[in-house]
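A.B. asks: Provided below for reference: sequence and predicted model.
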Amino acid sequence: DGGITQSPKYLFRKEGQNVTLSCEQNLNHDAMYWYRQDPGQGLRLIYYSQIVNDFQKGDIAEGYSVSREKKESFPLTVTSAQKNPTAFYLCASSMGGGKNIQYFGAGTRLSVL
Amino acid sequence: GESVGLHLPTLSVQEGDNSIINCAYSNSASDYFIWYKQESGKGPQFIIDIRSNMDKRQGQRVTVLLNKTVKHLSLQIAATQPGDSAVYFCAEKSDSWGKLQFGAGTQVVVTP
């Protein structure tokens, strides 16, 4: 898990509720990412941020929102518009650029009540 | 569109044998690749990477081979151990900045 901390480890969402997943890194990385992983599948990019106060949509951004107010933090909000939120959510960070090794947190498992 | 994919979803290997995990990519312009290992319930862990100007790179018990002619990447694990049981993903740098595109993964099961 390195210097990337995700919390909580498990999260439950009620119908119509927004929930926020936390991601903090102490690696001094400029770039941060959020991925969604469904059972038996690969990682799909939700949002990414190359630098503080800037972020871009990934492949499956609908129903999610992010902010990047601090270099070390990149919280993800799963909104009520996301109708199928049950998944394993992974946060990563990297230096960015040509040799872009991304380092991952331990993940948050989100389930719907 | 361009994609990264794996040939085998599940690989069963006897302890002590060598493992070979394959990955096909379709973007001939990709210049950087990474292999990750993901144990159950955990985040992916970096194993090894390779630039497109190389054919082979070795790490501790692992070797990555890149064949640009057929757009194929493989990860070899020597003397596979029970702790190697995991899902292995290849990832391809999908743009000039460095965004990664991940394959679907291969489940490696090590049997005694």
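C.D. replies: Yep, it's here. Residues are numbered from 1 along each chain as shown, chains lettered A, B, ... in the order given.

A.B. asks: so which residue is dead centre in chain A?
C.D. replies: Central residue of chain A (Cα atoms, centre = their mean): residue A:34, 2.8 Å from the mean position.

A.B. asks: which residues does it contact?
C.D. replies: When the contact criterion is Cβ atoms under 8 Å, 6 or more residues apart in numbering or on different chains, the partners of residue A:34 are A:21, A:23, A:45-48, A:58, A:64, A:66, A:74, A:76, A:89-91. Every C-beta, even on glycine, is put in place using the N, C-alpha and C of the backbone.

A.B. asks: is stretch A:95-110 up against chain B anywhere?
C.D. replies: Yes: for stretch A:95-110 and chain B, the contact criterion (Cβ under 8 Å from any Cβ of the partner chain) is met by A:96-107, A:109.

A.B. asks: buried stuff in that stretch?
C.D. replies: By neighbour count with 16 or more other Cβ atoms under 10 Å in any protein chain shown, stretch A:95-110 contains the buried residues A:95-96, A:100-108, A:110.

A.B. asks: stretch B:20-39 now?
C.D. replies: Residues of stretch B:20-39 classed as buried: B:21-25, B:27, B:30, B:32-38 (neighbour count, 16+ other Cβ under 10 Å).

A.B. asks: cool, stretch B:81-93 as well?
C.D. replies: Using 16+ other Cβ under 10 Å as the test for burial, stretch B:81-93 gives B:84-93.

A.B. asks: ok, is that stretch in contact with chain A or not?
C.D. replies: Yes: for stretch B:81-93 and chain A, the contact criterion (Cβ under 8 Å from any Cβ) is met by B:89, B:91, B:93.

A.B. asks: circling back to that earlier point, which two in the buried residues of stretch B:81-93 are spaced the farthest apart?
C.D. replies: Taking Cβ to Cβ, the two most distant members of those are B:85 and B:93; they sit 27.6 Å apart.

A.B. asks: one step back: turn the residues of stretch B:81-93 next to chain A into CSV, including pLDDT.
C.D. replies: Shown next, in CSV, are the residues of stretch B:81-93 next to chain A (pLDDT from 0 to 100):
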residue, pLDDT
B:89, 94
B:91, 94
B:93, 88
